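build me a model from this:
(one chain, ligands or ions: 1)
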Amino acid sequence: MTRRVLFLISDTGGGHRASAEALAEALQQLHGTQVVCDIVDPFAEYAHWPLNKAPDAYLPLINRYGWLWQALWRLGEHPASWRVARDVTAAWQADRMRTLFAEHPADLAVSVHPLLSQAPQRALRAWQPGIRLATIVTDLTSAPRMWYDPAVDLLVASCDEVATAARAAGVPPARVKQLGLPIRLAFAETPVNRADAQARLGLAALPTVLVMSGGEGMGPVKEIVDALAGALHDPPAQVVVICGRNAALQRWLASKPWPLPVTALGFTSNVPLWMRAADCLVTKAGPGTIAEALACDLPMVLSSFVNGQETGNVSYVEQHGVGVYQPEPGAIAATVRSWLASPETTTAIRVRARRLARPHAALDIARALSDLL
Ligand code: UDP
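Below is the predicted model of the structure:
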(Lines give C-alpha, C1' and ligand atoms only; values in the text may rest on other atoms or scores of the structure.)
Protein backbone atom coordinates (compact mmCIF):
# COMPACT_ATOMS: atom_id res chain seq x y z
CA MET A 1 0.00 0.00 0.00
CA THR A 2 1.36 3.45 -0.89
CA ARG A 3 2.22 5.66 2.08
CA ARG A 4 2.28 9.45 1.90
CA VAL A 5 4.74 11.71 3.69
CA LEU A 6 4.19 15.46 3.94
CA PHE A 7 7.29 17.59 4.59
CA LEU A 8 6.56 21.02 6.08
CA ILE A 9 9.29 23.51 5.18
CA SER A 10 9.83 27.20 4.63
CA ASP A 11 12.30 28.74 2.21
CA THR A 12 13.99 30.90 4.82
CA GLY A 13 17.56 30.25 3.66
CA GLY A 14 18.36 27.11 1.71
CA GLY A 15 18.89 24.58 4.50
CA HIS A 16 15.34 23.50 5.33
CA ARG A 17 14.45 22.63 1.74
CA ALA A 18 17.81 20.89 1.21
CA SER A 19 17.16 18.69 4.27
CA ALA A 20 13.61 17.83 3.19
CA GLU A 21 14.84 16.94 -0.30
CA ALA A 22 17.57 14.76 1.18
CA LEU A 23 15.01 12.86 3.29
CA ALA A 24 12.60 12.47 0.36
CA GLU A 25 15.51 11.13 -1.72
CA ALA A 26 16.44 8.68 1.07
CA LEU A 27 12.83 7.48 1.50
CA GLN A 28 12.62 6.95 -2.25
CA GLN A 29 15.84 4.95 -2.19
CA LEU A 30 14.49 2.75 0.62
CA HIS A 31 10.92 2.27 -0.62
CA GLY A 32 10.71 3.30 -4.28
CA THR A 33 7.14 4.17 -5.32
CA GLN A 34 5.72 2.69 -2.09
CA VAL A 35 6.27 6.09 -0.48
CA VAL A 36 5.11 9.37 -2.02
CA CYS A 37 6.67 12.56 -0.62
CA ASP A 38 5.20 16.07 -0.81
CA ILE A 39 7.30 19.10 0.15
CA VAL A 40 5.11 22.08 1.04
CA ASP A 41 5.84 25.59 2.32
CA PRO A 42 2.69 26.38 4.37
CA PHE A 43 3.65 30.06 4.71
CA ALA A 44 4.23 30.86 1.04
CA GLU A 45 1.62 28.52 -0.40
CA TYR A 46 -1.29 28.67 2.09
CA ALA A 47 -1.07 31.31 4.85
CA HIS A 48 -3.21 34.44 4.97
CA TRP A 49 -1.55 37.77 4.20
CA PRO A 50 0.84 39.00 5.60
CA LEU A 51 2.11 35.65 6.94
CA ASN A 52 2.39 34.37 3.35
CA LYS A 53 5.16 36.97 2.85
CA ALA A 54 7.20 35.66 5.78
CA PRO A 55 9.76 33.75 3.64
CA ASP A 56 10.41 36.91 1.54
CA ALA A 57 10.79 39.00 4.70
CA TYR A 58 13.40 36.68 6.27
CA LEU A 59 16.44 37.98 4.39
CA PRO A 60 15.80 41.75 4.88
CA LEU A 61 14.89 40.99 8.49
CA ILE A 62 18.20 39.37 9.40
CA ASN A 63 20.32 41.62 7.13
CA ARG A 64 18.79 45.05 7.81
CA TYR A 65 16.57 44.78 10.87
CA GLY A 66 18.72 42.66 13.17
CA TRP A 67 17.17 44.30 16.26
CA LEU A 68 13.69 43.16 15.16
CA TRP A 69 14.98 39.65 14.48
CA GLN A 70 16.49 39.63 17.99
CA ALA A 71 13.17 40.73 19.51
CA LEU A 72 11.29 37.97 17.65
CA TRP A 73 13.94 35.47 18.68
CA ARG A 74 13.50 36.40 22.36
CA LEU A 75 9.72 36.10 21.99
CA GLY A 76 10.16 32.58 20.67
CA GLU A 77 12.50 31.64 23.52
CA HIS A 78 10.03 32.80 26.18
CA PRO A 79 7.60 29.91 26.78
CA ALA A 80 4.52 31.96 27.77
CA SER A 81 4.80 34.57 24.99
CA TRP A 82 5.58 31.87 22.44
CA ARG A 83 2.47 29.86 23.45
CA VAL A 84 0.26 32.94 22.98
CA ALA A 85 1.83 33.79 19.59
CA ARG A 86 1.53 30.15 18.47
CA ASP A 87 -2.11 29.72 19.51
CA VAL A 88 -3.27 33.06 18.08
CA THR A 89 -1.55 32.30 14.76
CA ALA A 90 -3.02 28.77 14.72
CA ALA A 91 -6.58 30.08 15.22
CA TRP A 92 -6.09 32.80 12.56
CA GLN A 93 -4.69 30.35 9.99
CA ALA A 94 -6.94 27.35 10.81
CA ASP A 95 -8.99 27.46 7.58
CA ARG A 96 -5.83 27.65 5.43
CA MET A 97 -4.25 24.74 7.27
CA ARG A 98 -7.39 22.65 6.67
CA THR A 99 -7.12 23.43 2.94
CA LEU A 100 -3.43 22.41 2.97
CA PHE A 101 -4.18 19.10 4.67
CA ALA A 102 -7.15 18.36 2.40
CA GLU A 103 -4.93 18.94 -0.65
CA HIS A 104 -1.97 16.96 0.78
CA PRO A 105 -3.36 13.97 2.68
CA ALA A 106 -0.57 12.16 4.54
CA ASP A 107 0.18 9.23 6.84
CA LEU A 108 3.16 11.05 8.29
CA ALA A 109 3.89 14.79 8.58
CA VAL A 110 7.50 15.84 9.03
CA SER A 111 8.47 19.35 10.09
CA VAL A 112 11.95 20.54 9.15
CA HIS A 113 11.34 24.14 10.29
CA PRO A 114 11.05 25.50 13.86
CA LEU A 115 7.97 27.61 13.13
CA LEU A 116 6.16 24.58 11.69
CA SER A 117 6.91 22.12 14.46
CA GLN A 118 3.98 22.92 16.73
CA ALA A 119 0.90 24.76 15.40
CA PRO A 120 0.49 23.16 11.94
CA GLN A 121 1.36 19.74 13.28
CA ARG A 122 -1.21 20.00 16.07
CA ALA A 123 -3.84 21.29 13.63
CA LEU A 124 -3.06 18.35 11.41
CA ARG A 125 -3.57 15.85 14.20
CA ALA A 126 -6.88 17.48 15.19
CA TRP A 127 -7.99 17.25 11.56
CA GLN A 128 -6.69 13.71 10.98
CA PRO A 129 -6.25 11.90 14.36
CA GLY A 130 -4.36 8.84 13.03
CA ILE A 131 -1.52 10.81 11.48
CA ARG A 132 2.04 10.37 12.81
CA LEU A 133 4.17 13.46 13.47
CA ALA A 134 7.94 13.86 13.29
CA THR A 135 10.27 16.82 13.73
CA ILE A 136 13.75 16.87 12.22
CA VAL A 137 15.80 19.60 13.87
CA THR A 138 17.88 21.19 11.10
CA ASP A 139 19.67 23.61 13.43
CA LEU A 140 22.80 22.70 15.36
CA THR A 141 23.52 23.54 19.00
CA SER A 142 21.55 26.80 19.37
CA ALA A 143 18.26 25.47 17.99
CA PRO A 144 15.31 27.63 19.16
CA ARG A 145 12.87 26.15 21.70
CA MET A 146 10.07 26.36 19.15
CA TRP A 147 11.38 23.14 17.63
CA TYR A 148 10.35 21.06 20.63
CA ASP A 149 6.77 19.82 21.00
CA PRO A 150 6.20 17.02 23.54
CA ALA A 151 3.27 15.76 21.40
CA VAL A 152 5.50 14.66 18.52
CA ASP A 153 5.99 10.91 17.80
CA LEU A 154 9.66 11.28 16.83
CA LEU A 155 12.16 14.10 17.27
CA VAL A 156 15.44 13.74 15.41
CA ALA A 157 18.26 15.75 16.98
CA SER A 158 21.18 16.96 14.87
CA CYS A 159 23.67 16.71 17.77
CA ASP A 160 23.87 15.87 21.49
CA GLU A 161 23.13 19.45 22.59
CA VAL A 162 19.84 19.42 20.66
CA ALA A 163 18.86 16.01 22.07
CA THR A 164 19.45 17.31 25.61
CA ALA A 165 17.44 20.49 24.94
CA ALA A 166 14.54 18.48 23.46
CA ARG A 167 14.35 16.24 26.53
CA ALA A 168 14.56 19.29 28.82
CA ALA A 169 11.64 20.84 26.89
CA GLY A 170 9.50 17.79 27.70
CA VAL A 171 9.83 15.57 24.64
CA PRO A 172 9.72 11.99 26.04
CA PRO A 173 13.31 10.60 25.93
CA ALA A 174 12.22 7.46 24.06
CA ARG A 175 11.04 9.64 21.17
CA VAL A 176 14.28 11.62 20.86
CA LYS A 177 16.88 10.17 18.49
CA GLN A 178 20.26 11.75 17.77
CA LEU A 179 20.84 10.84 14.13
CA GLY A 180 22.57 13.94 12.72
CA LEU A 181 21.48 16.62 10.29
CA PRO A 182 20.14 15.24 6.98
CA ILE A 183 22.26 16.09 3.95
CA ARG A 184 22.00 14.90 0.34
CA LEU A 185 22.83 11.25 -0.34
CA ALA A 186 25.64 12.30 -2.69
CA PHE A 187 27.65 13.30 0.41
CA ALA A 188 27.65 9.63 1.48
CA GLU A 189 28.91 8.31 -1.85
CA THR A 190 32.52 7.14 -2.25
CA PRO A 191 34.36 10.45 -2.58
CA VAL A 192 36.10 11.41 -5.80
CA ASN A 193 39.57 12.81 -5.13
CA ARG A 194 40.24 16.53 -5.44
CA ALA A 195 42.07 16.32 -8.78
CA ASP A 196 39.24 14.31 -10.38
CA ALA A 197 36.59 16.63 -9.00
CA GLN A 198 38.49 19.67 -10.36
CA ALA A 199 38.84 18.03 -13.78
CA ARG A 200 35.12 17.11 -13.88
CA LEU A 201 34.17 20.69 -13.04
CA GLY A 202 36.54 22.21 -15.61
CA LEU A 203 38.67 23.88 -12.92
CA ALA A 204 42.41 24.49 -13.11
CA ALA A 205 44.56 22.06 -11.09
CA LEU A 206 45.32 24.62 -8.36
CA PRO A 207 44.78 24.94 -4.61
CA THR A 208 41.09 25.86 -4.37
CA VAL A 209 39.13 27.94 -1.89
CA LEU A 210 35.35 27.51 -1.95
CA VAL A 211 33.29 30.47 -0.71
CA MET A 212 29.63 29.91 0.23
CA SER A 213 27.05 31.97 2.07
CA GLY A 214 23.86 29.95 2.46
CA GLY A 215 21.15 29.51 -0.12
CA GLU A 216 20.74 33.29 -0.46
CA GLY A 217 24.43 34.23 -0.87
CA MET A 218 24.20 36.80 1.95
CA GLY A 219 26.83 38.81 3.81
CA PRO A 220 30.16 40.45 2.86
CA VAL A 221 31.15 37.97 0.14
CA LYS A 222 32.60 40.68 -2.15
CA GLU A 223 34.99 41.88 0.54
CA ILE A 224 36.03 38.30 1.32
CA VAL A 225 36.78 37.49 -2.35
CA ASP A 226 38.72 40.79 -2.68
CA ALA A 227 40.86 39.86 0.32
CA LEU A 228 41.41 36.30 -0.94
CA ALA A 229 42.42 37.60 -4.37
CA GLY A 230 44.96 39.94 -2.75
CA ALA A 231 46.49 37.17 -0.61
CA LEU A 232 46.43 34.09 -2.85
CA HIS A 233 47.70 34.98 -6.32
CA ASP A 234 51.30 34.12 -5.44
CA PRO A 235 51.77 31.15 -5.17
CA PRO A 236 48.76 30.77 -7.42
CA ALA A 237 45.44 29.47 -6.16
CA GLN A 238 41.85 29.81 -7.34
CA VAL A 239 38.56 30.84 -5.76
CA VAL A 240 35.13 29.35 -6.43
CA VAL A 241 32.13 31.31 -5.13
CA ILE A 242 28.68 29.71 -4.85
CA CYS A 243 26.38 32.73 -4.86
CA GLY A 244 23.15 30.76 -4.38
CA ARG A 245 20.16 32.90 -5.31
CA ASN A 246 22.18 36.16 -5.17
CA ALA A 247 22.32 36.88 -8.94
CA ALA A 248 23.67 40.42 -8.39
CA LEU A 249 26.67 39.04 -6.51
CA GLN A 250 27.35 36.51 -9.26
CA ARG A 251 27.23 39.24 -11.94
CA TRP A 252 29.55 41.50 -9.92
CA LEU A 253 32.11 38.73 -9.41
CA ALA A 254 31.98 37.71 -13.07
CA SER A 255 32.47 41.30 -14.27
CA LYS A 256 35.67 42.05 -12.33
CA PRO A 257 39.21 41.38 -13.56
CA TRP A 258 40.87 39.22 -10.89
CA PRO A 259 44.58 38.46 -10.42
CA LEU A 260 43.70 34.74 -10.00
CA PRO A 261 40.98 32.46 -11.43
CA VAL A 262 37.60 33.24 -9.81
CA THR A 263 34.60 31.08 -10.73
CA ALA A 264 31.23 32.57 -9.75
CA LEU A 265 28.27 30.18 -9.73
CA GLY A 266 24.57 30.78 -9.24
CA PHE A 267 22.40 28.30 -7.38
CA THR A 268 23.84 24.82 -7.98
CA SER A 269 22.59 21.39 -7.02
CA ASN A 270 26.14 20.08 -7.32
CA VAL A 271 27.50 21.34 -3.96
CA PRO A 272 28.93 17.87 -3.07
CA LEU A 273 31.28 17.88 -6.08
CA TRP A 274 32.31 21.54 -5.61
CA MET A 275 33.19 20.73 -1.99
CA ARG A 276 35.21 17.69 -3.06
CA ALA A 277 37.15 19.95 -5.47
CA ALA A 278 38.14 22.39 -2.70
CA ASP A 279 41.01 22.52 -0.20
CA CYS A 280 39.07 24.62 2.27
CA LEU A 281 35.78 26.46 2.69
CA VAL A 282 34.86 30.00 3.75
CA THR A 283 31.19 30.17 4.73
CA LYS A 284 28.61 31.77 6.97
CA ALA A 285 27.78 29.45 9.86
CA GLY A 286 24.76 27.77 8.23
CA PRO A 287 24.06 24.38 9.81
CA GLY A 288 23.46 22.62 6.48
CA THR A 289 26.71 23.86 4.95
CA ILE A 290 28.67 22.96 8.10
CA ALA A 291 27.26 19.39 8.09
CA GLU A 292 28.09 19.07 4.39
CA ALA A 293 31.64 20.41 4.85
CA LEU A 294 32.21 17.87 7.65
CA ALA A 295 31.03 15.08 5.33
CA CYS A 296 33.69 16.23 2.80
CA ASP A 297 36.43 16.60 5.49
CA LEU A 298 36.69 20.24 4.46
CA PRO A 299 38.46 22.66 6.86
CA MET A 300 36.26 25.73 7.23
CA VAL A 301 36.56 29.40 8.14
CA LEU A 302 33.23 30.74 9.44
CA SER A 303 32.94 34.33 8.25
CA SER A 304 29.62 35.29 9.90
CA PHE A 305 26.59 33.88 11.68
CA VAL A 306 22.94 34.81 12.08
CA ASN A 307 22.50 35.99 15.64
CA GLY A 308 20.28 33.47 17.40
CA GLN A 309 19.94 30.18 15.56
CA GLU A 310 23.53 30.17 14.25
CA THR A 311 25.33 31.58 17.29
CA GLY A 312 26.14 28.14 18.74
CA ASN A 313 27.44 26.85 15.41
CA VAL A 314 30.58 28.93 15.84
CA SER A 315 31.58 27.29 19.14
CA TYR A 316 30.49 23.89 17.77
CA VAL A 317 33.00 24.21 14.91
CA GLU A 318 35.78 25.72 17.02
CA GLN A 319 35.41 23.35 19.98
CA HIS A 320 35.56 20.31 17.73
CA GLY A 321 38.65 21.73 16.01
CA VAL A 322 37.19 21.54 12.51
CA GLY A 323 37.43 25.24 11.68
CA VAL A 324 37.78 28.78 13.00
CA TYR A 325 35.62 31.89 13.21
CA GLN A 326 37.10 34.96 11.45
CA PRO A 327 34.72 37.80 10.61
CA GLU A 328 37.36 40.13 9.16
CA PRO A 329 38.15 39.57 5.43
CA GLY A 330 41.90 40.22 5.82
CA ALA A 331 42.12 37.69 8.67
CA ILE A 332 40.09 35.17 6.64
CA ALA A 333 42.57 35.50 3.75
CA ALA A 334 45.56 35.13 6.12
CA THR A 335 44.08 31.96 7.66
CA VAL A 336 43.37 30.46 4.25
CA ARG A 337 46.87 31.31 3.05
CA SER A 338 48.42 29.65 6.10
CA TRP A 339 46.24 26.54 5.64
CA LEU A 340 47.20 26.21 1.97
CA ALA A 341 50.86 26.43 2.98
CA SER A 342 50.55 23.89 5.81
CA PRO A 343 49.15 20.48 4.80
CA GLU A 344 49.88 19.11 8.32
CA THR A 345 47.40 21.56 9.85
CA THR A 346 44.65 20.81 7.35
CA THR A 347 45.25 17.05 7.56
CA ALA A 348 44.68 17.19 11.32
CA ILE A 349 41.46 19.20 10.78
CA ARG A 350 40.30 16.69 8.17
CA VAL A 351 40.77 13.79 10.59
CA ARG A 352 38.65 15.55 13.24
CA ALA A 353 35.99 16.45 10.67
CA ARG A 354 35.73 12.82 9.55
CA ARG A 355 35.06 11.78 13.18
CA LEU A 356 32.27 14.34 13.60
CA ALA A 357 30.64 13.90 10.18
CA ARG A 358 27.31 12.10 9.66
CA PRO A 359 27.25 11.56 5.88
CA HIS A 360 24.57 8.84 6.21
CA ALA A 361 22.22 10.92 8.36
CA ALA A 362 19.49 11.17 5.70
CA LEU A 363 19.29 7.39 5.29
CA ASP A 364 19.40 6.76 9.06
CA ILE A 365 16.60 9.29 9.59
CA ALA A 366 14.59 7.88 6.69
CA ARG A 367 14.73 4.46 8.39
CA ALA A 368 13.46 5.98 11.64
CA LEU A 369 10.65 7.72 9.71
CA SER A 370 9.80 4.41 8.02
CA ASP A 371 9.19 2.89 11.45
CA LEU A 372 6.38 5.42 11.91
CA LEU A 373 4.69 4.53 8.62
N1 UDP B 1 22.92 25.33 -1.40
C2 UDP B 1 22.77 24.70 -2.63
N3 UDP B 1 23.11 25.38 -3.74
C4 UDP B 1 23.58 26.64 -3.71
C5 UDP B 1 23.74 27.29 -2.46
C6 UDP B 1 23.42 26.59 -1.30
O7 UDP B 1 22.34 23.55 -2.70
O8 UDP B 1 23.85 27.18 -4.78
C9 UDP B 1 22.56 24.58 -0.19
C10 UDP B 1 23.74 24.20 0.67
O11 UDP B 1 24.42 23.10 0.10
C12 UDP B 1 23.02 23.91 1.98
C13 UDP B 1 21.90 24.93 1.98
O14 UDP B 1 21.74 25.38 0.63
O15 UDP B 1 22.47 22.60 1.95
C16 UDP B 1 22.20 26.12 2.86
O17 UDP B 1 21.87 25.75 4.17
P18 UDP B 1 22.50 26.42 5.45
O19 UDP B 1 21.84 25.78 6.62
O20 UDP B 1 23.97 26.32 5.39
O21 UDP B 1 22.16 27.97 5.32
P22 UDP B 1 20.78 28.75 5.06
O23 UDP B 1 20.76 29.11 3.62
O24 UDP B 1 19.64 27.81 5.43
O25 UDP B 1 20.86 29.93 5.95
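
isn't Glu310 up against Thr289?
No. With contacts counted by Cβ atoms under 8 Å, Glu310 stays clear of Thr289, the gap being 10.4 Å. All C-beta atoms are positioned from the backbone trio N, CA, C, and that covers glycine.

the two: which is more packed in?
Regarding Glu310 and Thr289, a neighbour count based on other Cβ atoms under 10 Å identifies Thr289 as having more, with 29 against 24.

you'd agree the more buried one is in a helix?
Yes. Counting by DSSP: H, G, I helix; E, B strand; the rest coil, Thr289 falls inside a helix.

and the gap between the residue nearest to it when sequence neighbours are not counted and Ser269?
For Thr289, ignoring the flanking residues on the chain, the nearest one in space by Cβ to Cβ, 6 or more residues apart in numbering is Thr283 at 5.0 Å. For Thr283, the distance to Ser269 (Cβ to Cβ, to the nearest Å) stands at 17 Å.

now Leu133
Remark: distance between Leu133 and Ser269 (Cβ to Cβ) = 29 Å.

which of the two has more residues huddled nearby?
Set side by side, Leu133 and Ser269 give different neighbour counts by other Cβ under 10 Å, the larger being at Leu133 (22 against 10).

and the more buried one, that's in a helix?
No. Counting by three-state DSSP, Leu133 falls outside a helix, being strand.

in contact with it, which residues?
Contact analysis of Leu133 by Cβ atoms under 8 Å, 6 or more residues apart in numbering lists Leu108, Ala109, Val110, Ser111, Gln121, Leu124, Arg125, Ala151, Val152, Asp153, Leu154.

what is the neighbour count of the fourth one?
Look at Ser111: counted by other Cβ under 10 Å, it has 30 neighbours.

please apply the same query to the last one.
The tally of other residues near Leu154 (other Cβ under 10 Å) stands at 22.

for it, give me its contacts.
Leu154 sits next to Arg132, Leu133, Ala134, Thr135, Arg175, Lys177, Ala368, Leu369, Leu372 when contact means Cβ under 8 Å, 6+ apart.

just give the closest residue to it, not the sequence neighbours.
Distances taken as Cβ to Cβ, 6+ apart place Ala134 nearest to Leu154, at 4.2 Å, with adjacent residues excluded.

right, and that neighbour touches Leu108 too?
Yes. Between Ala134 and Leu108 there is a contact at 6.5 Å, judged by Cβ under 8 Å.

more neighbours, those two?
When Ala134 and Leu108 are compared for neighbours, Ala134 comes out ahead with 25 against 22, by other Cβ under 10 Å.

so for stretch 106-114, what's the average pLDDT?
Here stretch 106-114 scores 95 as its mean pLDDT.

ok, and what's touching that stretch?
Around stretch 106-114, the neighbours that count as contacts under Cβ under 8 Å, 6+ apart are 3-10, 12, 16, 19-20, 23, 38, 76, 117, 120-121, 124, 128, 130-136, 138-139, 143-144, 146-147, 309, 369, 372-373.

ok, now with 7 Å
Surrounding stretch 106-114, the residues in contact under the criterion Cβ atoms under 7 Å, 6 or more residues apart in numbering are 3-10, 16, 19-20, 23, 117, 121, 124, 131-136, 138, 144, 146-147, 369, 372-373.

with stretch 5-19 instead?
Stretch 5-19 is contacted by residues 20, 23-24, 27, 35, 37-44, 55, 58, 104, 106, 108-113, 115-116, 120, 136, 138, 181-182, 184, 214-216, 244, 286-288 when judged by Cβ under 7 Å, 6+ apart.

show me what counts as buried in stretch 331-344.
Applying a neighbour-count criterion of 16 or more other Cβ atoms under 10 Å, the buried positions in stretch 331-344 are Ile332, Ala333, Thr335, Val336, Arg337, Trp339, Leu340.

spell out which residues of this structure are next to the ligand.
13-15, 18, 214-216, 242, 244, 267-269, 271, 286-289, 292 (Cβ under 6 Å from any ligand atom).

where does the nearest residue to Ala123 once chain neighbours are set aside sit: helix, strand or coil?
If the residues on either side of it in the chain are set aside, Ala123 comes closest to Met97, at 4.5 Å by Cβ to Cβ, 6+ apart. Under the three-state scheme (three-state DSSP), Met97 adopts helix.

re earlier: the residue nearest to Thr289: how many residues sit nearby?
As a burial measure, Thr283 scores 26 neighbours (other Cβ under 10 Å).

one step back: any shared contact partners between Ala134 and Leu108?
Counting by Cβ under 7 Å, 6+ apart, the shared contacts of Ala134 and Leu108 are Leu369, Leu372.

and the residue of the stretch 151-300 of the chain found nearest the ligand, what pLDDT?
With Cβ to the nearest ligand atom as the measure, the residue in the stretch 151-300 of the chain that lies nearest the ligand is Gly286; the distance is 2.1 Å. The pLDDT attached to Gly286 in the predicted structure is 96.

so who does it touch?
Taking Cβ under 7 Å, 6+ apart, we find Gly286 in contact with Gly13, Gly15, Gly214, Glu310.

out of those residues, which one has the weakest pLDDT?
Gly13 (85).

measure that one to Ala204 for me?
31 Å.

repeat for Ala47
Counting by Cβ to Cβ - Ala47 and Ala204 are separated by 47 Å.

so for these two, which residue has more residues nearby?
Taking other Cβ under 10 Å, Ala47 and Ala204 do not tie; Ala47 has more neighbours (22 against 14).
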